[in-house]
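Undergrad: Sequence plus predicted model, see below.
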Amino acid sequence: MNIDRAVLMFAGVVVLVSVTLSLTVHLWWIGLTIFAGLNMLQAGITGFCPAAMIFKALGLRPGNAFK
């Protein structure tokens, strides 16, 4: 697994967990989905992704998007 795949999987898990929590616990959990979406948009524009830096520190090999 490379950093790109790990970041995409992590973002997907965050969105799914957030939607589930907003439907079962409280509607305000949808804010986590909004945060994840804004973070993905920002990472696409600037190339800076905190999750990619964490995965790199954990030893995952770089992919094409996050080097």
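TA: Cool, the structure landed.
Undergrad: next helix or strand past the top helix by length along the chain?
TA: Ranked by number of residues, the top helix in the chain under DSSP state H is helix 3-24. The first helix or strand that comes after helix 3-24 along the chain, using DSSP states H and E, is helix 30-46.
Undergrad: Report all helices and strands that that following helix contacts.
TA: Judged by 3 or more Cβ pairs under 8 Å, 6 or more residues apart in numbering; DSSP states H and E, helix 30-46 is in contact with helix 3-24, helix 50-57. For the C-beta atoms, the positions are set from N, CA and C on the backbone; glycine is no exception.
Undergrad: Quick one: the ones you listed as CSV, columns for distance to N39, mean neighbour count and mean pLDDT too.
TA: Shown next, in CSV, are the helices and strands packed on helix 30-46 (distance: least, Cβ to Cβ, whole Å; neighbours: other Cβ atoms under 10 Å; pLDDT from 0 to 100):
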stretch, distance to N39, mean neighbour count, mean pLDDT
helix 3-24, 8, 15, 96
helix 50-57, 8, 16, 94
